[in-house]
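[1] compute the structure for the input listed below.
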Amino acid sequence: MNNIDTEYKKSRHEAFIKLAEKRVTKALRAIESVGKLSDSKNYVYTQEDVNQLIDAMKLQVEKVEHLVSKIRAKSY
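    Here you go, the predicted model:
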């Protein structure tokens with residue numbers, strides 16, 4: 001592998017890290033915000049509501065895990 005390829009991969013990796021940090025931080029803030037819905041003084045919800053909320057978030061995490069596992073297989 002020549003120096004240009006190495007620099008290109010390094011640049012792409014740095015871009016990935018930068019974007020991943022921003023997006024994960026944003027996602028964690030959103031999850032924290034969803035957690036605030038648990039305040040029963042302000043909201044009324046059923047166990048079914050909670051199950052749907054958790055299931056939806058778990059499904060999305062599973063989708064991301066699947067996509068990332070494909071990337072891992074191609075990793076350099």
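
[2] from here on, contacts and neighbour counts on C-alpha atoms
    Fine.

[3] tell me which other helices or strands the biggest helix by length in the chain touches.
    In the chain, with assignment by DSSP state H, the single longest helix is helix 3-35. The contact analysis (3 or more CA pairs under 8 Å, 6 or more residues apart in numbering; DSSP states H and E) places helix 3-35 against no helix or strand.

[4] and that helix, how far from the chain's centre?
    Averaging C-alpha positions (CA atoms, centre = their mean, to the nearest Å) puts helix 3-35 10 Å from its chain's average.

[5] tell me the angle the helix or strand following it makes with helix 3-35.
    Per DSSP states H and E, the first helix or strand lying C-terminal to helix 3-35 is helix 47-74. With axes from the mean of the first three to the mean of the last three CA atoms, to 10 degrees defining the directions, helix 47-74 sits at 170 degrees from helix 3-35.

[6] report how many residues lie close to residue 71.
    11 (other CA atoms under 10 Å).

[7] on that earlier part again, pLDDT on the longest helix of the chain, on average?
    The average pLDDT within helix 3-35 is 94.

[8] tell me the centre residue of the protein?
    residue 24 (5.3 Å; CA atoms, centre = their mean).

[9] ok, residue 13 to residue 21 distance?
    Distance, residue 13 to residue 21, by CA to CA, to the nearest Å: 12 Å.

[10] now residue 9
    Taken as CA to CA, the span from residue 9 to residue 21 is 18 Å.

[11] can you check the pLDDT for residue 38?
    94.

[12] what's the answer for residue 74, then?
    The predicted local confidence for residue 74 is 65.

[13] what do you get for residue 70?
    pLDDT at residue 70 comes out at 83.

[14] count residues in the vicinity of it, would you?
    So residue 70, with other CA under 10 Å, has 10 neighbours.

[15] any figure for the gap between it and residue 60?
    Taking CA to CA, one finds residue 70 at 16 Å from residue 60.

[16] repeat that for residue 6.
    33 Å.

[17] quick check: the gap between residue 38 and residue 65.
    Distance of residue 38 to residue 65, given as CA to CA: 27 Å.

[18] ditto for residue 26
    Residue 26 is 18 Å from residue 65, by CA to CA.
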